[in-house]
Each structure stands twice: as C-alpha cells, then as structure tokens.
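Undergrad: any chance you can model this:
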Amino acid sequence: MTTLDWHADRADLSGLTLLDQAPESLGIDLKAVRQYRLGRVRAEMDKNNIHALIISDPVNIRYTCGARNMQIFCARNTPSRYLLVTPQKTILFEFTGCEHLGQGFETIDEVRPSTTASFVAAGLDIKLREHRWAQEMSALITELVGPDARVGIERMNAGTAIALSKQGLDIVDAQQPLELARSIKSDAELKCIIASLRMTERAVGRLRDAIQPGITENELWAVLHQAVIAGNGDYCETRLLSSGSRTNPWFQETATKRIGENELIALDTDVVGCHGYYADFSRTFHSGPNKPSEQQRTLYKVAYEQVQNNLDIIRPGMTFKEYSDKAWNIPEKYYANRYYLSSHGVGMTGEYPYLYHHADYAEAGYDGVILPGMTLCVESYIGEQGGAEGVKLEEQILVTETGIEILSQFPFEETLLN
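TA: Presented below is the predicted three-dimensional model:
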C-alpha cells in the first residue's frame, strides 16, 4: 500500500458540519453574548461585595466587554491595557494609539488611553509611574463608587499592586468572581463555541491529510496554524504536537523532528478560535504506510476507554469529589505518565473547574458542583513510563439539564480502535 493510498483510506470527515459563515448567518447575536457576559461579571461582583474590578488579563477583558487587542502582547506587558468595571459603568483603558479599537461596544461606556506601569515603559522611573497610576485609579474609583471601595485586581506587576494597596482601598483577588462568571455559558455563547470547534476541526482535518513520513513536526503544526488564521481564529495557545518517541512522555513541544514511518502523531489543539472561544480537543494519528501495531492500538483503545467512561458518568448536580471518586482509574503501568487532570472547564481558554483523578484528589482536588451550562474537556493520556509512544485523546462537552452533549465532532481513528 502506498502512502497516497493509505491517505485515501482514512476515516471520512464528511459528517462534520463545518461552519465558516458570518456570525449573523449562524444565528449568533454577539451583542447578546457581550451583554450576558458583562451581566455575569457584575452578578459575581455583587455576590462578593466587590465595588470595582480592574481587569488586566486580555482574555478577561474580552470576556467582559468584547474588545480585543494584542492578547498575547498584553498578557506579558501588564498593566498596559485594562478595564475598570463598576456596577454602573465600564471604562476601557486602551493601549497607546489604539483607543479607536474600543469604540462601538454597548458594553463600554468610555474609552481612555492607558498608562503602562511596567519597567520597560518607565525604566528607572518605574516606582513613580506605578505611584501615579495607583493614585489616578484610586481617585477614579472613589469618584465612581465612593471611598473605602473594595476593589478586585488581577495580573498586575507587584509594584503596581503594592502602590494601589497604599491608596486606602480594600484590595482583593479578582480571580474568583471572574472564573465563576465565565464558567456558565449562555445559549448564544454556545453558538460561538460550536463555530470555533467546527473551524478547528476543519483545520485538524487539513493537518491530518498532510501527515506523511518525512514531514517535520513543525511543518505539520504550521498546517494547523495556517488553517486557524484563515478560518478567522486567533492563535494556538500551546504547541502540543509530537510524534514517535516524542509522544512519551506528554507535553513535549513541537520540534524539528521528522516524522518516521508507522509512528503515532499526537496533538492537543488548544486553539483560541472564532469569537475568542477555545476549541480544545485531542487526537492521535498514525503516519503509515503500514497498519498500526498491536501496541499502538492497545494504547489508543485504553485512552479511548478512559474518555468514554468519564463521559458516561458526568451529570449535572454531581460534585467534583463524586466525579473524582467515580472517574476511570488509570492502570498502574500508565499512572506515572498520566495527564495531570481528568477533566477541566473550558470557555475562552482552559478555565474553572479542574477535576482531578481519584488518586490525586486528596492532595490537589477541591469540591464544587458540576452545573448545567458548564463546558468541560474530558482528558486522557496513556503511555507507560519509559515506553516507546503514547496516546492523547480529549473531548469537549456541554453539561445540560439532563446530562451532557458532546460538542467536538472530529472522528476517532478506526484503524487504531479496531
């Protein structure tokens, strides 16, 4: 069998409904999405008695008001772009020269130029810049919500946070209200998530078709990136594609290695896709031209069993501990190389909650409740410690009022399952 013939024999992708139309034609109301998300944030502020939030994580800014700008750059340079949220008003402080990017959003009442309080921006005057930034923000917050305000902050450099705490404000961590707000998706958000998944599935299909012995991992990974950008996605948050011996252990980033004959190729998408929503599923392929080995099929079937078992037990109202107690127990010979989570939340990135393996729960786990409207990813990595290869599989799901709905539709590999 030639490599070309083997490609033609791969599983059919025609069953995927791939969406690439404009949001309006898909019934996506982005205004409703933005208003729902801002409402969720304000509701969590009220629950936690927080009078103002200073949001600097670019993903959380986008979640709260819809405005995006240089997400990766701004995640590294903080605070260079930030959003002030009070119960009645939102003010976006946009990066220098970018104020126009925040115009036209019903979730933003005002756009002002930001002050970048970082060493690269201020040099040896950094303490003065941080002090001035803190004074200006404190005065504005006092003007909007009154004195002695309780203010939630996140992703600030240490000097900025210290300077703000000296202004007489009650400073608290903003992670809890923001993560809890993001954890429950609206029907309109789900349309964005599904659109992002279908685009990413198309991109993975192109990557899959490009697999052949001799291509490098980087060249193969670039196929995914090109398709994601062409499909109006944003970027891949990680670079998790590896082949052959580099599939074990997991988390070896894509490199210059050339893919050999009859090797496994494992990937985790981690795509920030359409409308800023995460498409997060994992698949493992085989390079051909021969059929997979018995060992390769065993690894794949064990990983598939783990995913399917844990999909079957998830239900609304289940506690995190109950899930951990009932989740599939990894066989001892694969345990050392296990994926660090059994399942996790997903929205605009990976998010709350983390659901741990039973054996890890006592040390790392925490309790909570799986609720309708949560979107989760169910994970598996199977590979023996010191083994030749490993398999990564993952499905993205919605928790409904009665059970779950599997959102990711990319097929599994029949040649590895049979």
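Undergrad: distance check, K326 against R112.
TA: With the distance defined as CB to CB, to the nearest Å, K326 ends up 51 Å from R112. The C-beta positions use only the backbone N, C-alpha and C, and glycine is treated the same way.
Undergrad: just the element for I265, please.
TA: strand 264-268 (DSSP states H and E).
Undergrad: can you give me phi and psi for the spatially most central residue of the chain?
TA: In the chain, the residue lying closest to the centroid (CA atoms, centre = their mean) is T349, at 2.1 Å. Backbone dihedrals for T349, given as degrees, to the nearest 10, come out at phi -150, psi -180.
Undergrad: test my guess that it contacts Y235.
TA: No - the pair T349 / Y235 is not scored as a contact, 11.3 Å apart, by CB atoms under 8 Å.
Undergrad: any common contacting residues for these two?
TA: Here T349 and Y235 share the contacting residues V272, scored by CB atoms under 8 Å, 6 or more residues apart in numbering.
Undergrad: thinking again about what came up before, each with direction, which strands does the helix or strand following the strand holding I265 pair with?
TA: For strand 264-268, the following helix or strand on the C-terminal side (DSSP H and E) is strand 271-272. Sheet pairing of strand 271-272 (DSSP bridges) gives strand 235-236 (antiparallel), strand 278-279 (antiparallel).
Undergrad: next, format those strands as a markdown table and append distance to V272 and mean pLDDT.
TA: Formatted as a markdown table, the strands paired with strand 271-272 follow (distance: least, CB to CB, whole Å; pLDDT from 0 to 100):
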| stretch | distance to V272 | mean pLDDT |
| --- | --- | --- |
| strand 235-236 | 5 | 96 |
| strand 278-279 | 6 | 98 |
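Undergrad: from E261, how far out is N418?
TA: 20 Å.
Undergrad: of these two, who's got more company?
TA: Under the criterion of other CB atoms under 10 Å, the comparison of N418 against E261 puts E261 first, with 13 against 10.
Undergrad: tell me the SS of the more buried one?
TA: State at E261, reduced to three classes by DSSP: H, G, I helix; E, B strand; the rest coil: coil.
Undergrad: please name the residues that touch it.
TA: Residues near E261 by CB under 8 Å, 6+ apart: 213, 287-290.
Undergrad: among those residues, name the buried ones.
TA: 287-289 (16 or more other CB atoms under 10 Å).
Undergrad: just to revisit the earlier point, between the contacts of E261, which is nearest N48?
TA: The shortest gap between N48 and any of the contacts of E261 belongs to S287, at 51.0 Å (CB to CB).
Undergrad: which element is the closest residue to G231 other than its chain neighbours on?
TA: Sequence neighbours aside, M199 is the residue nearest to G231 in space, at 4.0 Å (criterion: CB to CB, 6 or more residues apart in numbering). Here M199, judged by DSSP H and E, is contained in helix 187-210.
Undergrad: check which helices and strands that helix is in contact with.
TA: The elements that helix 187-210 packs onto, with contact taken as 3 or more CB pairs under 8 Å, 6 or more residues apart in numbering; DSSP states H and E, are helix 30-47, helix 217-230, strand 271-272, strand 278-279, strand 282-286.
Undergrad: between strand 264-268 and it, find me the angle.
TA: 160 degrees (axes from the mean of the first three to the mean of the last three CA atoms, to 10 degrees).
Undergrad: before we move on, the earlier item: which among the helices and strands packed on helix 187-210 is found nearest to D187?
TA: When the helices and strands packed on helix 187-210 are compared by CB to CB, helix 30-47 sits nearest D187, at 9.0 Å.
Undergrad: for V151, what are its contacts?
TA: 50-54, 141, 164, 169-172.
Undergrad: looks to me like it is in a helix.
TA: No - secondary structure of V151 (three-state DSSP): strand, not part of a helix.
Undergrad: who's it bridged to?
TA: Here V151, judged by DSSP bridges, has bridge partners A52, I171.
Undergrad: how near is it to E237?
TA: From V151 to E237 the distance is 29 Å (CB to CB).
Undergrad: before we move on, what about A255?
TA: As for A255, its distance to E237 is 18 Å (criterion: CB to CB).
Undergrad: ok and whichever strand or helix holds I397 relative to strand 282-286, angle-wise?
TA: In this assignment (DSSP H and E), I397 forms part of strand 391-399. Counting by the same axes, to 10 degrees, strand 391-399 lies at 150 degrees to strand 282-286.
Undergrad: mind giving me the packing neighbours of strand 391-399?
TA: By 3+ CB pairs under 8 Å, 6+ apart, strand 391-399 packs against strand 264-268, strand 282-286, helix 294-313, strand 375-382, strand 404-406.
Undergrad: a markdown table for those, including distance to A122 and mean pLDDT?
TA: Formatted as a markdown table, the helices and strands packed on strand 391-399 follow (distance: least, CB to CB, whole Å; pLDDT from 0 to 100):
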| stretch | distance to A122 | mean pLDDT |
| --- | --- | --- |
| strand 264-268 | 38 | 98 |
| strand 282-286 | 42 | 98 |
| helix 294-313 | 49 | 98 |
| strand 375-382 | 40 | 98 |
| strand 404-406 | 49 | 98 |
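Undergrad: just to be sure, L101 is in a helix?
TA: Yes - read with three-state DSSP, L101 is one of the residues of a helix.
Undergrad: the closest residue to it other than its chain neighbours - how many residues pack around it?
TA: Sequence neighbours aside, N69 is the residue nearest to L101 in space, at 5.1 Å (criterion: CB to CB, 6+ apart). Per other CB under 10 Å, the neighbour tally for N69 reads 17.
Undergrad: now do P79
TA: Residues lying near P79 (other CB under 10 Å) number 26.
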